[in-house]
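Engineer: Dropping a prediction and its sequence here:
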Amino acid sequence: MLETLRSLRPFLFFAVGYLVLAMFVTNSYYQLIMTLVLVWATFGLSWNMLSGYTGLVSFGHASFFGLGAFATVLAQVHLGISPWIMLPVAAGIGALAGLLIGLPTFRLRGHYFALSMLAYPLTLLYIFQWLGYPEISVPRVEEGSAFYMQFDEGRVYTVLAMILLGIVVLVTRHVERTRFGMSLIAIKQNESAAEAAGINTLAWKLRSIAVSGAIAGAVGSFYAVLILVITPMSVFGMLVSAQALTVAMFGGVASVWGPIIGAAFLIPVAETLHAELGSFLPGIQGVVYGLAIIGLIILAPEGIYWKIRDHVVKRKGRTAAPAPTEEAAAAEPSAPTTPAERPERELSEEIVLEVQSISKSFGGLKAVQNVSFQVNKGMILGIIGPNGAGKTTLFNLLNGFQTPDGGHVLVHGEDLVRRKPHQLCRAGVGRTFQIMRPFKRMSVHDNVKVGAYVHAASEEDAERITREALELVNLQGISQDMAGSITTKDLRLMELARALAGQPEILLLDETLAGLGSEEAQDVVNVIRKLAETGKTIVIIEHTMQAMVQLVDRFLVLDHGELIVEGPPQEVIHNDKVIEAYLGKKWSAHA
Ligand SMILES: Nc1ncnc2c1ncn2[C@@H]1O[C@H](COP(=O)(O)OP(=O)(O)OP(=O)(O)O)[C@@H](O)[C@H]1O
């Protein structure tokens with residue numbers, strides 16, 4: 001928390017500067033614009049809390065905003081309740097609406113989610129029109145105006161809006177720095193990887209939409225008091241949702257400063273044009289937001305904040321190295337060379353993973369057929385087979401991404417079939433991916449920390465686990481580098497560290513050596529071997545036979561979804577079926 005407060009220093013400078021400037025503004029219209037900038041910045045931060053961090057774009061934030069606005073005005077009109085009371089109540093209504101909307105809508109992803117979010121404010125708009133509220137005004141009170149948040153001095157609203165923005169900035173900063181924010185960013189980058197790293201994605205998305213809805217509800221409440229007259233269109237309309245989305249996207253998503261920058265640029269322009277031209281060009285603000293988005297797509301797709309930040313980082317000489325490539329993951333089996341002998345190891349008798357007759361079909365295609373095997377504690381089991389043999393499907397069945405049509409997966413004797421990936425992760429099954437999905441805008445340290453939250457009871461615990469995982473893979477030296485700027489080998493090690501931070505007993509590694517040169521692959525092999533020596537049980541899919549022969553205790557060979565051979569490396573590589581199905585004659589000539 002102390003760190004969070006310290007990180008607020010730039011915001012405090014901004015707030016003081018802004019308020020000092022506001023004190024010199026005497027024209028009530030300009031005072032209103034200065035307040036509106038802060039209102040829309042706060043609303044942008046609300047949108048950011050859900051869509052910026054999770055990547056689930058919402059076109060429907062007006063729902064929460066409008067409910068907060070209507071609740072506040074109706075409570076005063078019918079019950080005489082003060083907006084000071086309604087502001088937190090509106091936040092509660094927004095949070096509840098968030099949960100009610102999120103629960104069904106989070107079943108959808110991508111465009112489907114974005115479009116269905118559009119339906120909620122539209123529905124509410126028609127409901128409020130139907131209820132007979134084409135327009136409703138806040139009753140002006142003569143006495144006790146402060147009690148009803150009614151001030152003659154426009155600058156008081158600017159101060160109040162700044163306090164509201166300050167609270168939301170504080171909440172956002174806190175979220176960013178804890179497992180909450182890290183879980184949301186992990187979901188944004190790759191929801192499946194996040195689940196595999198032990199994150200209960202639905203629970204975090206619901207928390208996110210509840211906080212986001214609460215902020216929007218409170219902003220809507222304040223907006224109604226500020227504007228005094230609301231209509232269903234002015235609080236539930238498309239322009240309202242678009243405004244939240246545009247200020248955040250224009251300024252820069254997933255950052256505290258983005259919506260503030262966006263609002264500071266766009267609101268004065270849109271409001272001035274609306275005031276000057278609105279009478280004969282109604283909806284001119286919509287044109288401004290449309291143009292802003294078009295300009296953004298062309299010039300700074302991630303928003304102004306990130307553009308400036310990247311520019312500053314580049315000028316500091318930290319140019320980004322080539323990012324991990326998807327092609328790297330699609331490496332072909334390496335040219336065979338004579339495999340080095342690997343001394344046989346004494347393995348523990350203890351069985352940690354037992355797979356019994358597991359099967360999975362996709363339509364008529366039998367991707368995995370009746371596969372059974374056992375893995376002893378501390379063993380390194382290699383899974384090989386030609387493309388399409390069913391290796392990745394087998395991994396997906398082991399870590400809960402897919403449910404088998406039949407069979408069992410026993411971890412320490414307990415059947416874990418039908419458990420969700422984050423539950424399997426908690427039960428001790430960790431995983432890396434064939435195609436790397438690093439959280440590029442996070443440091444190596446934070447990428448690994450996301451995995452540490454699975455078992456960490458506190459932030460300190462997560463820090464300690466992260467440090468230990470980074471040491472295990474020898475990445476302490478670059479822990480503060482951005483993941484988008486490190487080499488492919490370091491990315492592979494970072495993914496390994498992230499999986500390790502979840503403190504798995506069984507580690508499933510999907511083509512961890514793909515795309516690496518032989519020296520780099522050797523470094524990674526050494527790390528994997530060290531892990532097995534510390535008692536981790538490892539199951540690895542790999543095309544690079546040379547490295548695998550040196551690494552694994554046993555091989556399991558799949559072909560057309562079937563287990564065709566199982567045994568120690570030297571036995572398997574000389575097996576005729578394996579040579580025919582996978583290695584080819586070239587290999588037999590070398591071996
Ligand atoms: N979700 C899916 N829907 C339909 N077919 C699928 C699906 N996932 C995999 N398959 C098919 O199942 C078979 C096994 O695929 P899988 O990805 O498990 O093979 P693999 O051995 O990992 O291959 P590679 O080495 O190319 O990664 C393939 O024929 C693939 O096309």
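Structural biologist: Nice, thanks for sending it over.
Engineer: longest helix in the protein, by residue count?
Structural biologist: helix 201-227 (DSSP state H).
Engineer: so how far is the helix or strand following that one off the chain centroid?
Structural biologist: Next along the chain after helix 201-227, taking DSSP states H and E as the criterion, comes strand 229-230. Remark: strand 229-230 is offset 37 Å from the chain centroid, using Cα atoms, centre = their mean, to the nearest Å.
Engineer: so residue 47 is in which element?
Structural biologist: Going by DSSP H and E, residue 47 is in helix 28-47.
Engineer: which strands and helices sit next to that helix?
Structural biologist: Under the contact definition 3 or more Cβ pairs under 8 Å, 6 or more residues apart in numbering; DSSP states H and E, helix 28-47 sits against helix 9-24, helix 62-79, helix 154-177, helix 201-227, helix 238-251, helix 257-277. Any C-beta I mention is one placed from the backbone N, CA and C, and that applies to glycine too.
Engineer: Which one, of the ones you listed, ends up nearest to the ligand?
Structural biologist: helix 201-227 (19.2 Å; Cβ to the nearest ligand atom).
Engineer: Give the buried residues for that closest one.
Structural biologist: 201-202, 204-227 (16 or more other Cβ atoms under 10 Å).
Engineer: can you list the residues of the chain near the ligand?
Structural biologist: Contacts of the chain with the ligand, taken as Cβ under 6 Å from any ligand atom, map to 362, 365, 367, 385, 387-393.
Engineer: out of these, which are inside strands?
Structural biologist: Judged by DSSP state E, those include 362, 365, 367 as members of strands.
Engineer: Out of these, which end up buried?
Structural biologist: Neighbour-count burial (16+ other Cβ under 10 Å) is assigned, among those, to residue 367.
Engineer: could you dump the ones in strands among the residues of the chain next to the ligand to JSON lines with pLDDT?
Structural biologist: JSON lines is the format used below for these (pLDDT from 0 to 100):
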{"residue": "362", "pLDDT": "93"}
{"residue": "365", "pLDDT": "91"}
{"residue": "367", "pLDDT": "93"}
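Engineer: wait, which of the ones in strands among the residues of the chain next to the ligand is closest to residue 79?
Structural biologist: Closest approach between those and residue 79, by Cβ to Cβ: residue 362, at 58.7 Å.
Engineer: what are the bridge partners for that closest one, then?
Structural biologist: residue 365 (DSSP bridges).
Engineer: if we can go back for a sec, how far does the helix or strand following the helix holding residue 47 sit from the chain's center?
Structural biologist: Proceeding C-terminally, helix 28-47 gives way to helix 53-54 as the next helix or strand, assigned by DSSP H and E. Distance, stretch centre to chain centre, for helix 53-54: 5 Å (Cα atoms, centre = their mean).
Engineer: cool, stretch 299-314 as well?
Structural biologist: For stretch 299-314, the distance to the chain centre is 20 Å (Cα atoms, centre = their mean).
Engineer: now swap in stretch 283-294 and tell me
Structural biologist: Remark: stretch 283-294 is offset 28 Å from the chain centroid, using Cα atoms, centre = their mean.
Engineer: got the contact list for that stretch?
Structural biologist: Contacts made with stretch 283-294 from outside it, assessed by Cβ atoms under 8 Å, 6 or more residues apart in numbering, are listed as 239, 242-243, 246, 249-250, 265-266, 269-271, 273-274, 277-278, 281.
Engineer: Let me see the contact set for residue 96.
Structural biologist: Residue 96 touches 210, 213, counting by Cβ under 8 Å, 6+ apart.
Engineer: got the phi/psi numbers for it?
Structural biologist: Here is the backbone geometry of residue 96 (degrees, to the nearest 10): phi -60, psi -40.
Engineer: low-confidence ranges in this structure?
Structural biologist: 1-2, 143-144, 316-345, 436, 544, 582-591 (pLDDT under 70).
Engineer: Break it down into its domains, please.
Structural biologist: 2-21+28-263, 349-428+506-514+543-591 (automatic domain parsing).
Engineer: Mean neighbour count, these: which tops it?
Structural biologist: domain 2-21+28-263 (a mean of 21; mean count of other Cβ atoms under 10 Å).
Engineer: if we can go back for a sec, out of the domains of the chain, which gets nearest to residue 477?
Structural biologist: Residue 477 sits nearest to domain 349-428+506-514+543-591 of all the domains of the chain, at 20.2 Å, using Cβ to Cβ.
Engineer: picking up where we left off before, quick one: which of the residues of the chain next to the ligand sit in helices?
Structural biologist: 391-393.
Engineer: just those residues now: which is nearest residue 234?
Structural biologist: When these are compared against residue 234 (criterion: Cβ to Cβ), the nearest one is residue 392, at 51.5 Å.
Engineer: Show me what the host helix or strand of residue 494 is packed up against.
Structural biologist: For residue 494, the enclosing helix or strand under DSSP H and E is helix 488-501. Using 3+ Cβ pairs under 8 Å, 6+ apart, the elements in contact with helix 488-501 are strand 429-431, helix 444-452, helix 459-472, strand 506-510, helix 518-533.
Engineer: and the first one, which strands flank it?
Structural biologist: Note on strand 429-431: by DSSP bridges, its sheet partners are strand 506-510 (parallel).
Engineer: C-alpha coordinates for the partner strand, PDB please?
Structural biologist: The C-alpha trace of strand 506-510 is given here as PDB (Å, rounded to 0.1, in the frame of the first residue of the first chain):
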ATOM      1  CA  ILE A 506       4.200 -32.300 -12.300                       C
ATOM      2  CA  LEU A 507       5.400 -30.000 -15.000                       C
ATOM      3  CA  LEU A 508       4.100 -30.400 -18.500                       C
ATOM      4  CA  LEU A 509       6.500 -28.800 -21.000                       C
ATOM      5  CA  ASP A 510       5.200 -28.300 -24.600                       C
END
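Engineer: angle of that strand against helix 488-501?
Structural biologist: Per axes from the mean of the first three to the mean of the last three Cα atoms, to 10 degrees, the angle that strand 506-510 makes with helix 488-501 is 150 degrees.
Engineer: who touches strand 506-510?
Structural biologist: By Cβ under 8 Å, 6+ apart, strand 506-510 touches 352-353, 375, 392, 395, 398-399, 411, 428-434, 496, 499-500, 528, 531, 536-542.
Engineer: so how far is stretch 452-469 from its chain's centroid?
Structural biologist: 19 Å.
Engineer: what comes up buried for it?
Structural biologist: Within stretch 452-469, the residues that count as buried by 16+ other Cβ under 10 Å are 452-456, 459, 462, 465-467, 469.
Engineer: Among these, which one lies nearest to residue 310?
Structural biologist: For the buried residues of stretch 452-469, the nearest to residue 310 is residue 466 (25.4 Å; Cβ to Cβ).
Engineer: Was I right to think that closest one contacts residue 444?
Structural biologist: No. Between residue 466 and residue 444 there is no contact under Cβ atoms under 8 Å: 9.7 Å.
Engineer: Kindly indicate whether the closest residue to residue 385 other than its chain neighbours is helix, strand or coil.
Structural biologist: Of all residues not flanking residue 385 in the chain, residue 558 sits nearest, at 3.7 Å (Cβ to Cβ, 6 or more residues apart in numbering). Secondary structure, DSSP: H, G, I helix; E, B strand; the rest coil: residue 558 is strand.
Engineer: is residue 558 in a bridge, and if so with what?
Structural biologist: The partner residues for residue 558, given DSSP bridges, come to residue 563.
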